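S.K.: below are the sequence and a predicted model for it; my questions follow.
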Amino acid sequence: MVTSVKGETLTRSGPVAISVWEWVDGRTETNGLTSAQLSATGHALGLIHRTFAAHPATQSTPPDLTDWFHPDLPKTRATIDTLQDLIANRRPGDDFDAIAATTLEERRAALEQVPDLLAGLPDDLTTQVLHGDYSAVNLLFDGDDIAAVLDFRPPVPFLVSFELGRIAFDPRTVVLSQNWPVSAVTLVHAYRDAHPDAARQDVRACARVALIQLVTSLYGVKQHYLAPGLLQDDLDAFWVLRHRAATRLLDRLPEVEAMLDDATASTSQP
């Protein structure tokens with residue numbers, strides 16, 4: 001039986017409730033967002049976070065938060081070793097092997113900076129119920145306006161800075177936008193306009209949180225060699241995109257954090 005937050009029965013037929021909604025006409029943007037679309041995206045997320053802050057599940061303990069703050073770096077390095085061995089011994093190889101070998105070696109070096117990145121996070125980051133998968137592929141646009149936000153995940157609390165940083169520093173923005181730090185701050189300004197009660201420390205930390213997530217993930221390249229899927233070519237391209245985004249964000253993190261600090265300085269919040 002599945003119940004609502006008020007204890008009302010939604011269904012008795014199985015563990016998952018299916019909600020059917022009215023058709024919404026719109027399209028996803030997968031090649032980067034315009035300035036107006038970035039503002040619309042930030043505004044919508046601000047409304048979601050402002051609304052979900054009062055969700056009863058926000059008071060529950062976030063799962064996996066301890067693991068996120070303590071990534072298993074030796075395990076990640078061991079996985080890189082495994083992938084590099086597989087690449088070196090593949091006969092025949094493929095066109096992706098050279099790209100994977102280079103990016104994996106760069107990722108190994110970037111992992112050395114993760115402890116310092118974690119140490120630079122504030123201790124009082126906010127957790128609450130989030131959308132859960134707020135990404136470009138789950139946004140429908142009608143021109144520069146958002147027509148719908150799709151694929152809300154179950155109401156599980158996690159870091160506000162994680163969800164804000166993930167969309168503000170989406171790899172498509174960081175790699176495809178000529179002036180991506182300004183693009184990210186455009187989204188953040190719209191987010192704060194819609195959610196003025198958002199804690200400053202969450203906004204200031206969102207780039208660092210996004211970077212830690214990117215650097216500690218081997219999503220895409222790991223699947224290529226350990227469990228290829230039907231859409232593996234897309235995953236290969238996504239690995240390269242995320243890796244390039246991580247490299248750019250790592251190189252310019254002090255500058256970006258200064259811009260985020262300026263973006264939060266116009267209010268009286270602590």
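M.R.: Structure's in. What do you need? Here the structure is a predicted model, which is why all the values come from computation and not from measurement.

S.K.: alpha carbons only for contacts and neighbour counts from here, please
M.R.: Noted.

S.K.: ok, then the element right after the longest helix anywhere in the chain?
M.R.: The longest helix of the chain (DSSP state H) is helix 232-251. Heading C-terminal from helix 232-251, the first helix or strand you meet, by DSSP states H and E, is helix 253-264.

S.K.: give the buried residues for that next one.
M.R.: By neighbour count with 16 or more other CA atoms under 10 Å, helix 253-264 contains the buried residues 253, 256-257, 259-261, 263-264.

S.K.: other SSEs contacting it?
M.R.: helix 180-194, helix 200-215 (3 or more CA pairs under 8 Å, 6 or more residues apart in numbering; DSSP states H and E).

S.K.: now the helix or strand just after the longest one, how far from the chain's geometric center?
M.R.: Note on helix 200-215: by DSSP H and E, the next helix or strand toward the C-terminus is helix 221-226. Centroid displacement of helix 221-226 relative to its chain, using CA atoms, centre = their mean, to the nearest Å, is 20 Å.

S.K.: same for helix 221-226, what does it pack against?
M.R.: helix 73-88, helix 232-251.

S.K.: now do the last one: everything it contacts.
M.R.: Contacts of helix 232-251 from elsewhere in the structure, counted by CA atoms under 8 Å, 6 or more residues apart in numbering, are 96, 103, 107, 171-172, 174-175, 207, 211, 214-215, 218-221, 223-224.

S.K.: make it 6 Å
M.R.: Applying CA atoms under 6 Å, 6 or more residues apart in numbering, the contact partners of helix 232-251 are 171, 174-175, 214, 220-221.

S.K.: distance check, residue 37 against residue 194.
M.R.: 15 Å (CA to CA, to the nearest Å).

S.K.: how about residues contacting the stretch of helix or strand residue 67 belongs to?
M.R.: Secondary structure assignment for residue 67, by DSSP H and E: helix 65-69. By CA under 6 Å, 6+ apart, no surrounding residue is in contact with helix 65-69.

S.K.: the helices in the stretch 1-150 of the chain, which residues?
M.R.: For the stretch 1-150 of the chain, helices defined by DSSP state H, counting those that start in this stretch occupy the ranges 35-52, 65-69, 73-88, 96-111, 114-119.

S.K.: by how many degrees do the fourth one and helix 73-88 diverge?
M.R.: Okay, so that is helix 96-111. Interaxial angle, helix 96-111 versus helix 73-88 (axes from the mean of the first three to the mean of the last three CA atoms, to 10 degrees): 160 degrees.
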